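Undergrad: Here you go, sequence then predicted model.
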Amino acid sequence: MTCRDNSDLSPDQPVYWRDRWEKGVTPWDCGCAHPLLVHLAPRLPSGRALVPGCGSGYDVIALAKQDPARQVTGLDLSELACKRGESMRDEAGLSSKQVQFIEGDFFKFDYEEPFDLVYDYTFFCALPPHLRKQWAARMAELVKPSGILFTLMFPVRDSGTGAEGGPPFSVSHEAYASVLEPAGFKLLECGDVPSAYRRPKTPSPGAELYGLWQRVGA
């Protein structure tokens, strides 16, 4: 799965992603929440949650439905994606108080207070590798102390440096740890996504890992 067909546009430009949504070229959209997220949702913090790069909002809706006390924000650069999310929210009978979608830039959007939970899936891998340290620094701002960052790591390849091209750019556990640990996160749990919970388009073992990271310090 590759997204490099936008002529001269670069994936670090918001217009790149808006263009893909407008053209309906969204191969990352599996049509459902990730099975592992649904499985682990009862273990995840309640309170305020954020899903950056939320796309159509399947994961946002899943987090909200699992815990009525959880207030979930879906963030995406695409207005079209956010409108799809709002339609799904309404169809699920969820309120705008519990679920909101914001069209905005992960690195710039305004928020009232840090989040208890941030869920990152197919977002880290969509960023050009030179933005990874900036991504981690922003996560340190967004996740409250003792809060949780849940990363689903895809596509996992040997180097994880992203040098193979993308998006999606290749990742590895080390690629996450090398930027998250200096930013103030400690790893609580990490492993291969079990076969029963792999996404439909990722049948092979080792292609997806998951990590639960806790924000430490004040």
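TA: Received the coordinates, thanks.
Undergrad: C-alpha only now, for contacts and for neighbours.
TA: Noted.
Undergrad: quick one, strands of the protein?
TA: Under the criterion DSSP state E, strands of the chain are mapped to 48-52, 71-76, 99-103, 115-121, 143-153, 185-192, 209-215.
Undergrad: Next, the contact list for the residue nearest the centre of the chain, please.
TA: Nearest to the geometric centre of the chain sits Asp120, at 2.5 Å (CA atoms, centre = their mean). When contacts are counted by CA atoms under 8 Å, 6 or more residues apart in numbering, Asp120 is found next to 51-53, 149-152.
Undergrad: Give me the pLDDT for Phe154.
TA: Per-residue pLDDT puts Phe154 at 88.
Undergrad: Report whether the expected contact of it with Ala207 is present.
TA: Yes: contact status for Phe154 versus Ala207: in contact at 6.4 Å, counting by CA atoms under 8 Å.
Undergrad: what residues are shared contacts of the two?
TA: With the criterion set as CA under 8 Å, 6+ apart, the contacts of Phe154 and Ala207 do not overlap.
Undergrad: Strand 99-103 and the longest helix seen in the chain, what's the angle between them?
TA: Across the chain, the longest stretch assigned as helix under DSSP state H is helix 79-91. Between the axis of helix 79-91 and that of strand 99-103 there is an angle of 170 degrees, by axes from the mean of the first three to the mean of the last three CA atoms, to 10 degrees.
Undergrad: Give me the contacts around helix 79-91.
TA: In contact with helix 79-91 (CA under 8 Å, 6+ apart) are residues 18, 21-22, 54-58, 61, 74-76, 95-96, 99-103.
Undergrad: and with 7 Å instead?
TA: The list of residues contacting helix 79-91 from outside it, by CA atoms under 7 Å, 6 or more residues apart in numbering, reads 21, 55-57, 61, 76, 101-103.
Undergrad: Now that helix: buried residues?
TA: Residues of helix 79-91 classed as buried: 79-86, 88-89 (neighbour count, 16 or more other CA atoms under 10 Å).
Undergrad: repeat for stretch 95-112
TA: By neighbour count on 16+ other CA under 10 Å, the buried set for stretch 95-112 is 98-104, 106.
Undergrad: shaky segments in the chain?
TA: Residues of the chain that meet the criterion pLDDT under 70 lie in 1-14, 16-18, 20-22, 24-29, 158-166, 200-205.
Undergrad: before we move on, back to that, out of the contacts of Asp120, who's nearest Asp110?
TA: Closest to Asp110 out of the contacts of Asp120 is Pro52 (13.0 Å), distances taken as CA to CA.
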